[in-house]
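Colleague: Sequence first, then the predicted structure, then my questions.
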Amino acid sequence: MKKREIDLLIIEDNEAFSLLLERELANYLNQRQIKEKFRINMLTFLSSDECLQAIRKSPPNKDTISFIDFYLGEAINGLHVLKLLHERQKNIQVVMMSKSPHVKDKIQNLTMDNLNLHFIVKDEYTPVMCKMLLETFLESL
């Protein structure tokens, strides 16, 4: 049986939070039943510039799961990254994260084909919540 290939992107400018999230997701992905069904390429970006360059270089139309911090500490925010991803990839699962609950108002009316978008207010439970959403995303494929 051929494994389904998926890009998993973590775009978070806070290095400590990024590491926590990466560790939580990697622990889940190391389960045998996940490895048997999927080939997941986890890529972590601490800046939007790095991420945008990688997105532009990646082959189009890949299944993509992204965990994106809305405020990336630069001129570009998570919404810009999301729009570029949507232009390039066919099936996108996105978790937008922010400490500000007001971000939900900014993204709730987005309508893009083949986009599954969730919002999480960042706190100490965010890595576990992201793992649960990842599990749901993979089960839906």
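Modeller: In hand now; what should we look at? Numbers count the residues shown, from 1 in each chain.
Colleague: Going by C-alpha atoms from here, please, whenever you check contacts or count neighbours.
Modeller: OK.
Colleague: so what's Ile34 up against?
Modeller: Contacts for Ile34 (C-alpha atoms under 8 Å, 6 or more residues apart in numbering) come out as none.
Colleague: how close does it get to Leu21?
Modeller: From Ile34 over to Leu21 the distance is 18 Å, taken as C-alpha to C-alpha, to the nearest Å.
Colleague: what does Lys99 give?
Modeller: Noted for Lys99: a distance of 15 Å to Leu21, by C-alpha to C-alpha.
Colleague: list the contacts for Glu12?
Modeller: Contact partners of Glu12, counting by C-alpha under 8 Å, 6+ apart, are Ser18, Thr44, Phe45, Leu46, Ser47, Phe67, Ile68, Asp69, Leu72.
Colleague: from those, which ones fall inside helices?
Modeller: Using DSSP state H, the members of those that fall within helices are Ser18.
Colleague: quick one on the thing from earlier: neighbour count: Lys99 and Leu21, which is higher?
Modeller: Remark: of Lys99 and Leu21, Leu21 carries more neighbours, 21 against 13, as counted by other C-alpha atoms under 10 Å.
Colleague: SS state for the more buried one?
Modeller: Per DSSP: H, G, I helix; E, B strand; the rest coil, the local secondary structure of Leu21 is helix.
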